[in-house]
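Asker: predicted model, plus sequence, below.
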Amino acid sequence: MLTALGRGIDALVTAFSPAWGLRRRLYRERSATYAAAQTHRLTGDWAPVDSTVNDIIRASNALIRPRIRQLVRDFPYFARAVDAAVDFTVGPGITYQARVRDSSGGALDRALNQRIEDAFHFWADEADAAKKLHYYEIMQLAKRQDMECGEFILVTTDLYDRGRYLPFALQIYEPDWLTTANDTVSVTDAANAVDQGIEYRTATGEVVAYHFTDPDGWGKSVRIPAKRVIHGFRALRPGQLRGVSPLVAAVLMAHDMHDYIDAEIDAAKMAAKRLAVVTSDDPYARQAGLAETDADTGAKIEEMENAIIEYLRPGEDITIATNPRPGDNFGNTVRFLVNMLSVVSGIPYEILSADYRGLNYSTSRTARNDFAVQLRGVAARHVRHFGMPTLNGFLGAAVTYGRLDLPNYFVNPSFYARASWQPPGMESIDPLRETKARISEVTALLRSPQEIIRARGGDPERVLQEIADFKAWADDQGLDFQALIDSVGTGVKNNPAAVAQQRTGRNLKVIRRETQ
């Protein structure tokens with residue numbers, strides 16, 4: 001009622017004074033919106049176009065991708081951002097471990113898991129259709145594509161080659177190969193539409209096929225069903241069909257920063273070439289060519305060579321040039337810009353810049369903890385978009401071609417697809433301090449030993465097996481493994497430097513079991 005009354009008063013005022021009526025409506029609209037939506041003299045020209053996510057990506061990606069690729073090639077900080085993202089997310093590989101349990105759903109079926117892992121590792125050596133890349137190298141390349149292009153595309157294929165363990169193979173495609181030649185996004189009444197090379201059902205958004213331009217076919221397009229394509233990207237808005245690089249917000253800043261650094265370096269180089277300036281009360285002598293000349297070439301002596309003293313003409317004076325470049329603010333400016341790039345890329349400033357000045361344990365640990373939390377989500381998405389689809393394809397092919405005997409696999413494939421994927425993890429900053437804290441957490445039942453081992457990128461099964469192997473080896477050599485550990489005192493255990501000093505200073509005695 002109050003709103004209707006206000007509009008009625010506005011209409012009445014407008015009838016007598018249109019200017020005052022307009023002012024009342026503007027004031028009412030301003031007071032009824034968020035401050036961010038208000039229009040005044042500072043924001044009057046800020047009217048961004050809010051289009052659909054696919055319209056924005058369609059209009060931008062063709063230029064974003066080559067710009068980012070060039071920055072990765074030419075700009076060190078962009079190259080480091082991509083390398084660090086690949087190293088900390090995938091590293092040598094997000095390793096696969098089978099986790100199939102027995103029919104009752106209780107204990108792990110270790111014998112079956114070992115058979116599945118052996119078959120997987122055998123296939124991983126030849127997973128690439130071109131026989132060039134290992135499975136984990138394809139995983140690394142997919143993550144690199146995800147950083148540079150915002151998406152990665154794998155096409156599965158069957159290669160019936162007698163030399164292959166399985167016909168199932170992977171081909172990684174450039175996102176640029178998706179063609180817009182067959183786009184029909186403007187057709188709204190059709191069952192399927194094609195947008196940016198992706199064919200989807202208009203009713204549900206389900207992707208049914210991908211349209212690629214054959215790189216060697218002079219523009220000829222190829223339609224590949226969606227069941228043969230693995231397309232991974234980070235979805236930012238509902239209905240998004242293509243990905244965009246996470247570095248996109250830093251492209252213009254990085255370009256300007258690149259030019260700024262180059263310009264400052266060029267200015268410093270030019271300033272460094274100006275060694276001295278000659279001043280004279282008799283400029284005519286210089287202009288008339290009366291200055292000292294080289295005996296061989298006849299050129300004026302304008303450069304000062306090593307250990308040579310030049311005698312000046314009467315009235316001439318030399319001022320040694322100073323080189324104030326780069327300026328005092330150059331380092332701080334670059335640091336600020338790199339910090340902005342760190343915010344965009346998600347890579348901590350210290351890792352991105354390799355600048356570890358001023359760090360201590362607390363700040364290093366805080367940065368690592370924040371980075372670790374972020375990496376968990378990034379690695380999990382890579383597992384879901386890359387690891388699980390390729391694993392399901394491998395298991396289906398292994399059962400189909402008799403490499404694995406998995407009863408009722410096609411009835412319940414998820415039973416055999418249970419897996420653990422281990423990201424690379426990070427080493428401790430202060431092993432002694434953090435090890436004590438972890439031991440306390442395990443004792444208080446706040447963490448499991450497996451979680452701690454995985455956080456460092458290790459495999460709990462492998463760690464336990466290696467310890468058992470070492471103990472067995474010590475037994476074979478007649479060494480008392482436990483007695484050797486117990487011989488190190490508590491004070492020495494709390495001081496790793498003392499351990500090293502004890503070992504190098506007096507040579508730890510090997511404790512052997514006494515024969516009965």
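Answerer: Received the coordinates, thanks. Residues are numbered from 1 along each chain as shown.
Asker: which SSE is residue 79 in?
Answerer: Taking DSSP states H and E as the criterion, residue 79 maps to helix 76-89.
Asker: same thing with residue 65?
Answerer: For residue 65, the element it lies in under DSSP H and E is helix 53-74.
Asker: what sits up against stretch 67-83?
Answerer: Under the criterion C-beta atoms under 8 Å, 6 or more residues apart in numbering, residues 144, 147-149, 245, 247-248, 251, 254-255, 257-258, 338, 341, 345, 347, 352-354 lie in contact with stretch 67-83. For every residue, glycine as well, the C-beta is placed using N, CA and C.
Asker: cross those against helices and list the overlap.
Answerer: Among those, the members falling in helices are 144, 147-149, 251, 254-255, 257-258, 338, 341, 345, 352-353 (criterion: DSSP state H).
Asker: which one of those residues is nearest residue 85?
Answerer: If you rank the ones in helices among the contacts of stretch 67-83 by distance to residue 85 using C-beta to C-beta, residue 147 comes first, at 5.1 Å.
Asker: pretty sure the closest one contacts residue 243?
Answerer: No. Taking C-beta atoms under 8 Å as the definition, residue 147 is not a contact partner of residue 243, at 10.5 Å.
Asker: returning to that earlier point: quick check: the two most widely separated of the ones in helices among the contacts of stretch 67-83?
Answerer: 149 and 353 (24.4 Å).
Asker: more crowded one of the two?
Answerer: The residue with the greater number of neighbours, taking residue 149 and residue 353 and applying other C-beta atoms under 10 Å, is residue 149; the counts read 22 against 19.
Asker: count of residues packed around residue 196?
Answerer: Residue 196 is surrounded by 19 other residues when neighbours are defined as other C-beta under 10 Å.
Asker: do residue 191 as well
Answerer: 9.
Asker: I'd say it and residue 200 touch.
Answerer: No. Using C-beta under 8 Å, residue 191 is not in contact with residue 200, being 10.3 Å away.
Asker: report the buried residues of the helix holding residue 65.
Answerer: 53, 54, 57, 58, 61, 64, 65, 67, 68, 71, 72 (16 or more other C-beta atoms under 10 Å).
Asker: now stretch 330-340
Answerer: Within stretch 330-340, judged by 16+ other C-beta under 10 Å, the buried ones are 334, 337, 338, 340.
Asker: got the contact list for it?
Answerer: The list of residues contacting stretch 330-340 from outside it, by C-beta under 8 Å, 6+ apart, reads 77, 250, 253, 257, 260, 261, 264, 349, 352, 353, 355.
Asker: with stretch 117-128 instead?
Answerer: For stretch 117-128, the surrounding residues in contact (C-beta under 8 Å, 6+ apart) are 96-98, 133-138, 164-166, 168-171, 390-391, 394, 398, 403-404.
Asker: redo that, cut-off 7 Å
Answerer: Contacts of stretch 117-128 with the rest of the structure, by C-beta atoms under 7 Å, 6 or more residues apart in numbering, involve 96-98, 134-136, 138, 164-166, 169-170, 394, 398, 403-404.
Asker: on the three-state scheme, residue 172 is what?
Answerer: When classified by DSSP: H, G, I helix; E, B strand; the rest coil, residue 172 comes out as strand.
Asker: residues near it, how many?
Answerer: Neighbours of residue 172 under the rule other C-beta under 10 Å: 18.
Asker: which residues touch it?
Answerer: Under the criterion of C-beta under 7 Å, 6+ apart, the neighbours of residue 172 are 138, 141, 142, 152, 154.
Asker: then residue 179?
Answerer: Applying C-beta under 7 Å, 6+ apart to residue 179 gives the contacts 197, 211, 212, 213, 221.
Asker: can you tell me which of those residues is nearest residue 459?
Answerer: Taking C-beta to C-beta as the measure, residue 459 lies nearest residue 212 of these, at 38.0 Å.
Asker: got a list of what that closest one touches?
Answerer: Shown here is residue 212, whose contacts under the criterion C-beta under 7 Å, 6+ apart are 173, 177, 178, 179, 197, 221, 222, 224.
Asker: would TSV of those residues with secondary structure and distance to residue 414 be doable?
Answerer: Formatted as TSV, the contacts of residue 212 follow (DSSP: H, G, I helix; E, B strand; the rest coil; distance: C-beta to C-beta, whole Å):
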residue	secondary structure	distance to residue 414
173	strand	28
177	helix	32
178	strand	30
179	coil	35
197	coil	31
221	strand	35
222	strand	32
224	strand	25
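Asker: quick one: which two of the residues you listed are the most distant?
Answerer: Every pair in these was compared (C-beta to C-beta); the two farthest apart turn out to be 173 and 221, at 13.3 Å.
Asker: distance of the residue nearest in space to the middle of the chain relative to residue 146?
Answerer: When the chain is reduced to its mean C-alpha position, the closest residue under C-alpha atoms, centre = their mean turns out to be residue 85, at 2.5 Å. Here the distance between residue 85 and residue 146 works out to 8 Å (C-beta to C-beta, to the nearest Å).
Asker: can you check residue 88 too?
Answerer: As defined by C-beta to C-beta, residue 88 lies at a distance of 13 Å from residue 146.
Asker: the more surrounded of those two?
Answerer: Under the neighbour definition other C-beta under 10 Å, residue 88 and residue 146 were set side by side, and residue 146 has more, 28 against 22.
Asker: which residue comes closest to that one once chain neighbours are left out?
Answerer: Across the structure, with C-beta to C-beta, 6 or more residues apart in numbering as the measure, the residue nearest residue 146 apart from its sequence neighbours is residue 152 (5.2 Å).
Asker: I'd say the one you found and residue 142 touch.
Answerer: Yes. The pair formed by residue 152 and residue 142 meets the contact definition of C-beta atoms under 7 Å, at 4.0 Å.
Asker: and for the two, which residues touch both?
Answerer: By C-beta under 7 Å, 6+ apart, the residues touching both residue 152 and residue 142 are 172, 232.
Asker: the two - which one has more neighbours?
Answerer: With other C-beta under 10 Å as the criterion, residue 152 and residue 142 differ in neighbour count, and residue 152 comes out ahead with 27 against 23.
Asker: quick one, phi psi at the more buried one?
Answerer: Comment: the main-chain dihedrals of residue 152 come out as phi -130, psi 150, following degrees, to the nearest 10.
Asker: now do the one 4 residues further on
Answerer: Dihedral pair for residue 156: phi -90, psi 150, per degrees, to the nearest 10.
Asker: same deal with residue 101?
Answerer: phi -100, psi 170.
Asker: burial measure for the spatially closest residue to it that is not a sequence neighbour, as a count.
Answerer: In space, and not counting its chain neighbours, residue 101 is closest to residue 108: 5.6 Å by C-beta to C-beta, 6+ apart. Residue 108 is surrounded by 14 other residues when neighbours are defined as other C-beta under 10 Å.
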